[in-house]
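Asks: can you look at this prediction? I've put the sequence above it.
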Amino acid sequence: MRLFEAAESELLGNLGLLEEIYTSMPRARVAFDYLEVLEFMDDVEATVSVAELGRTSITYSFLVSKAGRRCVAGTLVAVFVTGSGEPQPWEERHRQLLNPG
């Protein structure tokens with residue numbers, strides 16, 4: 001999960017959205033499939049991409065690989081919320097930056 005969050009932070013930072021939306025996206029669902037054993041201090045690569053952008057949600061695809069081999073694959077769904085925790089639609093500017101298509 002820490003690797004996912006680091007990759008997500010980098011993605012949102014590269015899009016200029018990290019400080020604006022990161023703390024307004026609680027996790028709704030997380031699913032990881034562990035495909036190969038990883039050991040402490042293994043040199044790995046973690047990547048994340050936007051798989052789907054809903055009206056108020058975002059679904060990420062996540063992959064951790066080691067020496068070119070897939071070790072962990074997963075998805076995470078977060079919901080964009082207001083300060084009071086109510087789901088809110090993405091702004092058009094957010095959609096343009098996050099759109100997976």
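Replies: Received, thanks. The shown structure was predicted, so the numbers you read here are calculated from the model rather than taken from an experiment.
Asks: CA atoms for contacts and neighbours, from now on please.
Replies: Noted.
Asks: which residues of this protein score low on pLDDT?
Replies: Within the chain, the segments meeting pLDDT under 70 span 101.
Asks: just the helices in it please.
Replies: 2-14, 18-21, 92-98 (DSSP state H).
Asks: and the first one, what does it pack against?
Replies: By that I understand helix 2-14. helix 18-21, strand 45-53 (3 or more C-alpha pairs under 8 Å, 6 or more residues apart in numbering; DSSP states H and E).
Asks: mind doing that once more with 10 Å?
Replies: On a contact count with 3 or more C-alpha pairs under 10 Å, 6 or more residues apart in numbering; DSSP states H and E, helix 2-14 meets helix 18-21, strand 45-53, strand 57-66, strand 69-79, helix 92-98.
Asks: circling back: what about the helices of the chain, which gets the closest to residue 77?
Replies: Distance to residue 77, taken as C-alpha to C-alpha, is lowest for helix 2-14 among the helices of the chain, at 11.9 Å.
Asks: buried residues, that closest one. List them.
Replies: By 16 or more other C-alpha atoms under 10 Å, the buried positions in helix 2-14 come out as 3, 4, 7, 8, 9, 10, 11, 12.
Asks: closest one of these to residue 98?
Replies: So of the buried residues of helix 2-14, ranked by how close each gets to residue 98 (C-alpha to C-alpha), first place is residue 12, at 8.7 Å.
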